[in-house]
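Asker: Give me a 3D structure for the following:
(chains A and B)
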Amino acid sequence: AQRVTQPEKLLSVFKGAPVELKCNYSYSGSPELFWYVQYSRQRLQLLLRHISRESIKGFTADLNKGETSFHLKKPFAQEEDSAMYYCALDSGGYNKLIFGAGTRLAVHP
Amino acid sequence: ETGVTQSPTHLIKTRGQQVTLRCSSQSGHNTVSWYQQALGQGPQFIFQYYREEENGRGNFPPRFSGLQFPNYSSELNVNALELDDSALYLCASHPPGGRTDTQYFGPGTRLTVL
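Answerer: Reported below is the predicted structural model:
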């Protein structure tokens, strides 16, 4: 079965500390993976996708097919990074996304 | 501003009733997907509409149905409401070509079933 698992409901760090939000997936084909973010009182928006291999707002994510993981990382967290982060898997290349339960990142001053 | 709008913002219904939620897609977007987000969970794919036809469906019963209109706006209908249908309902629109990174979400409709 296709599944996305985000094991942490809450990740709490201090400003300037490194951040790693974990995401594991289960998918039989070649996955297309994404990280979405939802800031307070804003709508869900795309943060990055693995195919682009880009860094957005200092965040990066590497697809590890051996470990079936797509962890989101940032070397130095900022207070404005506080938000809900969702890992998502495209189940068929037609924007039908399977989301994880989300991790709330809280960055403290 | 992404341009995807949803109405109403909030809705309260009682068990057994029927509800219709509406979504206006961003200009030029011909595909709309609907998601259900229960409290504390990630969004769950309900179905997708492309050029007024259903184009894929998640694990939801037939009492969840939809429509897409010629202007690409869309409706989600839920019959025989159950308490577990209480959730935030999101729609997302995307343009022709379907590149996933151009999917834009609306603000959602919060449905409460009593």
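Asker: what ranges do the helices span in chain B?
Answerer: With helices called from DSSP state H, chain B shows none.
Asker: which other helices and strands contact the helix or strand encompassing A:L48?
Answerer: Counting by DSSP states H and E, the element that carries A:L48 is strand A:45-49. Judged by 3 or more Cβ pairs under 8 Å, 6 or more residues apart in numbering or on different chains; DSSP states H and E, strand A:45-49 is in contact with strand A:32-38. No exception for glycine: its C-beta is placed from N, CA and C like everyone else's.
Asker: Can you name the residues that contact A:L11?
Answerer: Neighbour list for A:L11: A:V19, A:L21, A:T103, A:R104, A:L105, A:A106 [criterion: Cβ atoms under 8 Å, 6 or more residues apart in numbering or on different chains].
Asker: Kindly report the same for B:L76.
Answerer: B:T20, B:L21, B:C23, B:W34, B:I46, B:F64, B:S65, B:G66, B:Y89, B:C91.
Asker: Show the buried residues in those residues.
Answerer: Buried by 16 or more other Cβ atoms under 10 Å in any protein chain shown: B:L21, B:C23, B:W34, B:I46, B:F64, B:S65, B:G66, B:Y89, B:C91, out of the contacts of B:L76.
Asker: who's in contact with the least confident helix or strand in chain A by mean pLDDT?
Answerer: Ranked by mean pLDDT, DSSP states H and E, the helix or strand of chain A with the weakest confidence is strand A:45-49, at a mean of 91. Here strand A:45-49 makes contact (Cβ under 8 Å, 6+ apart) with A:32-38, A:54-57, A:59-61, A:72, A:85, B:2, B:100-101, B:103-105.
Asker: ok and the residue in chain A nearest chain B?
Answerer: Closest residue of chain A to chain B, Cβ to the nearest Cβ: A:F99 (3.2 Å).
Asker: quick one: the strands in chain A?
Answerer: A:3-5, A:10-14, A:19-21, A:24-26, A:32-38, A:45-49, A:60-61, A:72-74, A:83-90, A:97-99, A:103-108 (DSSP state E).
Asker: my bad, should have said chain B
Answerer: B:5-7, B:10-13, B:19-24, B:31-37, B:44-50, B:53-57, B:64-68, B:74-78, B:87-94, B:104-105, B:109-113.
Asker: which parts of stretch A:74-83 are buried?
Answerer: For stretch A:74-83, by 16+ other Cβ under 10 Å, it's A:K74, A:A77, A:D81, A:S82, A:A83.
Asker: For it, give me every contacting residue.
Answerer: A:13-19, A:37-40, A:57-60, A:104-109.
Asker: buried subset of the residues you listed?
Answerer: A:V13, A:V19, A:V37, A:Q38, A:F59, A:L105, A:V107.
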